[in-house]
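Novice: Quick one: sequence plus predicted model below, questions after.
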Amino acid sequence: MGSGKTHWGRLLSEKLGIPFFDLDEQIVAHEGKSIVELFEEKGEEHFRLLEKDLLHIIAESHDSFVMACGGGAPCYYNNIDYMNQSGTTVWINTPFEILIERLIKEKETRPLIRELSNEQLEMFIHKKIAGRRIYYEQANLVVEEQPVELDALIEKIFHA
């Protein structure tokens with residue numbers, strides 16, 4: 001959440017000349033509803049099942065692609081194992097302070113944090129990172145460098 005997955009995914013796909021998929025955008029297009037509406041109307045479990053199903057559909061119908069998945073996607077339904085078997089996974093390990101700065105600006109578009117005060121947001125992000133780290137650490141590559149550089153990212157991916 002807020003690490004820059006979509007931004008870097010788009011740039012990477014353009015540079016490599018392969019398709020890019022934002023898993024959240026695919027869910028919105030498939031359902032005809034925003035992520036916020038899906039969470040409000042059908043709940044997180046429904047959303048996570050859609051996420052898993054579309055992850056599989058995309059991976060099984062494309063030989064090469066770049067995907068930005070939501071921050072929770074690797075944490076449900078053995079998705080991280082499936083993703084690792086299907087390609088090279090990358091965790092952009094963005095510093096906490098940068099995440100908070102970005103997410104404060106984006107709260108309205110993110111259903112899990114839209115109602116939180118800035119103090120609550122900080123506690124929420126600490127908790128989410130702590131709970132998700134075990135999945136993120138299973139990624140094939142971890143990018144810790146800030147700022148991320150596209151050529152360095154490509155070099156890491158192809159020499160992993």
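Specialist: That came through fine.
Novice: alpha carbons only for contacts and neighbour counts from here, please
Specialist: Will do.
Novice: Can you name every helix or strand that the helix or strand hosting residue 14 contacts?
Specialist: Assigned by DSSP states H and E, residue 14 falls within helix 5-16. Contacts defined by 3 or more CA pairs under 8 Å, 6 or more residues apart in numbering; DSSP states H and E place helix 5-16 against strand 20-22, strand 66-68, helix 150-158.
Novice: Give me the contact list for that helix.
Specialist: Among residues not part of helix 5-16, those counted as contacts by CA atoms under 8 Å, 6 or more residues apart in numbering are 19, 20, 22, 65, 66, 67, 68, 69, 92, 150, 154.
Novice: Please identify the deepest-packed of the helices and strands packed on helix 5-16.
Specialist: Among the helices and strands packed on helix 5-16, strand 66-68 has the highest mean neighbour count (mean count of other CA atoms under 10 Å), at a mean of 22.
Novice: Show me the strands paired with it, marking each as parallel or antiparallel.
Specialist: strand 20-22 (parallel) (DSSP bridges).
Novice: now the helices for the chain?
Specialist: Listed in chain order, the helices of the chain (DSSP state H) span 5-16, 23-31, 35-61, 79-86, 96-106, 118-136, 150-158.
Novice: mind putting those helices in JSON lines, distance to residue 143 and mean pLDDT included?
Specialist: Output for these, formatted as JSON lines (distance: least, CA to CA, whole Å; pLDDT from 0 to 100):
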{"stretch": "helix 5-16", "distance to residue 143": "11", "mean pLDDT": "95"}
{"stretch": "helix 23-31", "distance to residue 143": "20", "mean pLDDT": "96"}
{"stretch": "helix 35-61", "distance to residue 143": "22", "mean pLDDT": "95"}
{"stretch": "helix 79-86", "distance to residue 143": "16", "mean pLDDT": "98"}
{"stretch": "helix 96-106", "distance to residue 143": "14", "mean pLDDT": "92"}
{"stretch": "helix 118-136", "distance to residue 143": "11", "mean pLDDT": "95"}
{"stretch": "helix 150-158", "distance to residue 143": "8", "mean pLDDT": "90"}
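Novice: Export those as a markdown table, with columns for distance to residue 144.
Specialist: Formatted as a markdown table, the helices of the chain follow (distance: least, CA to CA, whole Å):
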| stretch | distance to residue 144 |
| --- | --- |
| helix 5-16 | 13 |
| helix 23-31 | 23 |
| helix 35-61 | 25 |
| helix 79-86 | 19 |
| helix 96-106 | 12 |
| helix 118-136 | 12 |
| helix 150-158 | 10 |
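Novice: thinking again about what came up before, which single one of the contacts of helix 5-16 is nearest to residue 127?
Specialist: Nearest to residue 127 among those, counting by CA to CA, is residue 92 at 17.7 Å.
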